[in-house]
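> Predicted model follows, preceded by the sequence.
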Amino acid sequence: EVRLVESGGGLVQPGGSLRLSCATSGFTFSGTDMSWVRQAPGKGLEWVSVVSTDGGRTYYADSVKGRFNISRDNAENALYLEMDSLEPEDTAMYYCAAGDYRQRPLVPNHWWGQGTQVTVSS
């Protein structure tokens, strides 16, 4: 059974930092590109970042470039998103997803986690 479980979300002040984690099981994590996708209140899904299977290549949406860092630990089957200089506009539910979602339709399925809420507010 494919499982992806996000954690690490919470309430943070503008300018603060958070580190999201995604624990996975049930598939060959080391052979799968991994993405983060988010959905702000009242808005559609937005691709945030992707990391290649070996962690050597990373890509970011313009809205988070320079502030977010995606990484992975293939020994632990875990995906991470380090978020710095957070802005109120980063408030969203954050999902980890198995695959490269830069070009794929953003449709939640069993290869996505249930999400972790990030709220940036003073």
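Structure received.
> C-alpha from now on. contacts and neighbour counts both.
Fine.
> Break down this structure into its strands, ranges please.
Taking DSSP state E as the test, the strands found in the chain are 3-7, 10-12, 18-25, 34-39, 45-51, 58-60, 68-73, 78-83, 92-98, 116-120.
> Quick one: closest of those to residue 110.
Nearest to residue 110 among those is strand 3-7; the distance by Cα to Cα comes to 7.8 Å.
> Quick one: list the elements packing against that closest one.
If contacts are counted by 3 or more Cα pairs under 8 Å, 6 or more residues apart in numbering; DSSP states H and E, strand 3-7 sits against strand 18-25, strand 92-98.
> Direction included, what does it pair up with?
strand 18-25 (antiparallel) (DSSP bridges).
> what's across from the residue most central in space within the chain in the sheet?
By Cα atoms, centre = their mean, the mean C-alpha position of the chain lies nearest to residue 36, the distance being 2.7 Å. For residue 36, the beta-bridge partners are residue 49, residue 96 (DSSP bridges).
> Also residue 73?
Taking DSSP bridges as the rule, residue 73 bridges to residue 78.
> Return the distance of it relative to residue 22.
Residue 73 sits 10 Å away from residue 22, going by Cα to Cα, to the nearest Å.
> Same question for residue 97.
Counting by Cα to Cα, the gap from residue 97 to residue 22 is 9 Å.
> before we move on, the earlier item: could you tell me which residues touch both of residue 73 and residue 22?
Common neighbours of residue 73 and residue 22, using Cα atoms under 8 Å, 6 or more residues apart in numbering, are residue 79.
> Looking at those two now, which is surrounded by more residues?
More neighbours surround residue 22 than the other of residue 73 and residue 22, with 23 against 14 (other Cα atoms under 10 Å).
> can you pull up the bridge partners for the more buried one?
residue 6, residue 79.
> For the helices and strands packed on strand 3-7, give me JSON lines that also has distance to residue 104.
Listed next are the helices and strands packed on strand 3-7 as JSON lines, based on distance: least, Cα to Cα, whole Å:
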{"stretch": "strand 18-25", "distance to residue 104": "20"}
{"stretch": "strand 92-98", "distance to residue 104": "11"}
